[in-house]
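>>> Let me see the structure of the following:
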Amino acid sequence: MNRPAAASSATLSIVILAAGEGKRMKSRRPKVLQSLAGRPLLAHVLQSARALSPAAIQVVYGHGGEQVRAAFPEPGLTWVHQAEQLGTGHALQQAAPELDDAATVLVLYGDVPLLRAHSLVGLLDIAAAGALAVLTMQPADPNGYGRIVRDAAGHVARIVEHKDASAAERSIGECNTGVLAAPARLLKRWLSALRNDNAQGEYYLTDVIGLAARSGVTVTPVPLADPIEALGVNDKVQLAELEAVCRRNAACALMCAGVTIADPARLDVRGDVVHGQDVFLDVNVVLEGHVTLGNNVRIGPGCVVRDCSIGDDTELFAHCVLDGATIGRGARIGPFSRIRPHSALGDGVHIGNFVEVKNATLGSESKANHLSYVGDAEVGAQVNVGAGTIVANYDGANKHRTRIGDRAHTGSNSVLVAPITVGEGATIAAGSTVTRDVPAGKLTIARARQTTIDEWQRPIKTK
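Numbering: from 1, shown residues only. As a prediction, the model looks like this:
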């Protein structure tokens with residue numbers, strides 16, 4: 001994002017408050033590591049923070065701190081420990097010593113994941129000019145939010161938390177999001193003056209607004225266009241509500257870009273999607289990680305696609321799972337197929353029902369249409385893998401590779417015991433268990449000769 005000169009990134013420090021325990025989550029996982037649209041809550045906040053190109057990002061952590069730090073090993077983050085959770089003001093006090101007096105400070109929250117960078121630029125411009133900027137909203141239900149209290153002249157005088165508010169104050173519709181920006185030099189002064197004489201015995205960051213107003217510094221409210229962006233997460237119900245918002249936003253973005261979606265409410269996008277034209281996504285499709293879809297790709301109902309690239313004109317039939325695979329043009333996959341990581345299917349490949357491919361390559365126009373397992377294999381072009389064929393790649397300790405030449409055929413219920421090479425144009429008879437290399441262009445039979453015993457009788461169970 002291009003930032004205005006008044007809010008130069010060289011003077012911007014962002015502090016993310018992420019120390020809350022999240023008891024209502026009923027989880028061993030820290031609240032900011034709860035998953036939303038496939039990523040931790042804190043990852044969403046960091047994405048918006050980085051889009052503003054700050055000079056520094058501090059993350060104040062507490063409960064489950066080592067888990068939180070381990071989840072974000074990337075450079076460019078300064079971690080500040082809040083040993084005791086004594087309120088949002090106390091949390092910011094821990095970060096204050098690291099703030100450059102000349103900086104503009106933006107305060108965000110690790111459990112408020114939907115705020116977009118462009119909604120914050122106005123705050124930074126105001127703070128860079130020497131004032132205190134507060135992000136406000138008008139939610140449909142203000143219950144639980146701090147209220148913006150104005151003086152007789154209409155200027156912001158203070159913020160009162162819901163639990164400390166009078167009946168008259170609770171009738172105010174203008175609410176605090178908790179997000180603010182201010183010059184670091186002034187913010188440090190106000191933080192040092194905070195007191196904890198309130199219903200919770202905590203140091204409220206919101207008390208900074210009153211301190212600023214009383215010191216003659218202008219407090220400027222910046223209304224948030226869409227209050228949904230300020231929604232926080234305190235329990236699994238709210239987490240599910242935000243998941244629905246992410247689902248809707250992702251579907252709308254795809255449809256606006258030309259993707260046809262059978263039912264936007266039944267599409268989950270948990271990552272990034274790059275796509276061509278005339279893509280169709282049926283119901284209950286899940287796209288995770290980094291997914292690339294070519295032109296005219298069709299994905300059937302119930303499919304899960306994770307970290308895959310799918311070529312033009314390819315179709316996935318119902319209930320397929322693709323993970324870490326590359327699929328060529330014009331392939332047909334499914335229904336009920338599984339393509340596991342490090343697999344690559346060439347143009348025109350057919351993978352049918354109940355077929356699993358793992359760490360294998362299949363050349364163009366090869367087919368494995370029924371009930372087969374192809375693992376750790378290099379399969380050439382125009383190969384036909386018969387129904388029930390198993391590439392036995394594991395000897396109990398190590399994995400071994402199988403190589404199948406172009407135009408080879410394996411009969412139904414064949415077992416290819418790796419390591420083995422099947423020559424070009426070879427045919428393996430149905431029911432064969434092959435343990436040695438198969439010569440090119442020949443028919444290989446590796447099964448017991450059929451025998452019928454005329455005198456044999458089935459045993460009769462004694463009553």
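
>>> Restrict stretch 368-382 to CA atoms and write it as PDB.
What follows is stretch 368-382, C-alpha atoms only, in PDB (Å, rounded to 0.1, in the frame of the first residue of the first chain):
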ATOM      1  CA  ALA A 368      -5.300 -45.300 -13.400                       C
ATOM      2  CA  ASN A 369      -9.100 -45.600 -13.400                       C
ATOM      3  CA  HIS A 370     -10.000 -47.900 -10.600                       C
ATOM      4  CA  LEU A 371      -9.000 -48.900  -7.100                       C
ATOM      5  CA  SER A 372      -5.200 -48.500  -7.400                       C
ATOM      6  CA  TYR A 373      -2.200 -47.200  -5.400                       C
ATOM      7  CA  VAL A 374       0.700 -45.600  -7.200                       C
ATOM      8  CA  GLY A 375       3.400 -44.600  -4.800                       C
ATOM      9  CA  ASP A 376       7.000 -43.500  -5.300                       C
ATOM     10  CA  ALA A 377       6.800 -44.200  -9.000                       C
ATOM     11  CA  GLU A 378       7.800 -42.700 -12.300                       C
ATOM     12  CA  VAL A 379       5.100 -43.600 -14.800                       C
ATOM     13  CA  GLY A 380       5.500 -42.800 -18.500                       C
ATOM     14  CA  ALA A 381       3.100 -41.600 -21.100                       C
ATOM     15  CA  GLN A 382       0.000 -43.500 -22.300                       C
END
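
>>> For that stretch, give me every contacting residue.
Identification of contacts with stretch 368-382 by CB atoms under 8 Å, 6 or more residues apart in numbering yields 346, 350-366, 385-391, 393-394, 399-408, 418, 424. Yep, even glycine has a C-beta here, placed from its N, CA and C like the rest.

>>> 6 Å - rerun?
Under the contact criterion CB atoms under 6 Å, 6 or more residues apart in numbering, stretch 368-382 has outside partners 350-352, 354-366, 385, 387-391, 393, 399, 401-407.

>>> Ok, stretch 220-227 next?
Outside stretch 220-227, the residues within contact range by CB under 6 Å, 6+ apart are Gly122, Leu123, Ile126, Ala131, Ala133, Val134, Leu135, Thr136, Met137, Pro139, Val156, Ala230.

>>> and the end-to-end length of that stretch?
Using CA to CA, to the nearest Å, the end-to-end distance of stretch 220-227 comes to 18 Å.

>>> Tell me the buried residues within the contacts of stretch 368-382.
For those, a burial check counting by 16 or more other CB atoms under 10 Å picks out 350-352, 354-366, 385, 387-391, 393, 401-407.

>>> roughly how far apart are Thr462 and Asp406?
Per CB to CB, to the nearest Å, Thr462 is found 58 Å from Asp406.

>>> do the same with Gln94
66 Å.

>>> which helix is the longest one in this protein?
Of all segments of type helix in the chain, defined using DSSP state H, the longest is helix 236-256.

>>> what packs against it?
Counting contacts by 3 or more CB pairs under 6 Å, 6 or more residues apart in numbering; DSSP states H and E, helix 236-256 packs against strand 267-275.

>>> pretty sure Phe336 contacts Gly352?
No. With contact defined as CB atoms under 6 Å, Phe336 does not count as touching Gly352 (8.8 Å).

>>> which neighbours do the two share?
Counting by CB under 6 Å, 6+ apart, nothing touches both Phe336 and Gly352.

>>> residues in contact with stretch 412-427?
The contact list for stretch 412-427 (CB under 6 Å, 6+ apart) reads 386-393, 400-409, 428, 430-435, 437-443.

>>> need the strands for the stretch 151-300 of the chain, in chain order.
Under the criterion DSSP state E, counting those that start in this stretch, the stretch 151-300 of the chain contains strands at 156-160, 175-183, 219-223, 260-261, 267-275, 280-281, 285-293, 298-299.

>>> Can you lay out those strands as a markdown table showing distance to Val149 and mean neighbour count?
What follows is the strands of the stretch 151-300 of the chain, written out as a markdown table (distance: least, CB to CB, whole Å; neighbours: other CB atoms under 10 Å):
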| stretch | distance to Val149 | mean neighbour count |
| --- | --- | --- |
| strand 156-160 | 5 | 22 |
| strand 175-183 | 10 | 24 |
| strand 219-223 | 11 | 19 |
| strand 260-261 | 45 | 16 |
| strand 267-275 | 41 | 18 |
| strand 280-281 | 48 | 23 |
| strand 285-293 | 45 | 20 |
| strand 298-299 | 52 | 23 |
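
>>> where do the helices sit along the chain?
Secondary structure of the chain by DSSP H: the helices cover 41-51, 65-71, 88-95, 121-128, 167-170, 184-192, 207-214, 236-256.

>>> Which ones among the contacts of stretch 368-382 map onto strands?
350-352, 356-358, 361-362, 385, 390-391, 402-404 (DSSP state E).

>>> okay if I get those as CSV plus pLDDT and distance to Leu115?
Converted to CSV, the ones in strands among the contacts of stretch 368-382 look like this (pLDDT from 0 to 100; distance: CB to CB, whole Å):
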residue, pLDDT, distance to Leu115
His350, 98, 46
Ile351, 98, 42
Gly352, 98, 46
Glu356, 98, 42
Val357, 98, 42
Lys358, 98, 41
Thr361, 98, 44
Leu362, 98, 45
Val385, 98, 51
Ile390, 98, 52
Val391, 97, 50
Thr402, 98, 52
Arg403, 98, 53
Ile404, 98, 53
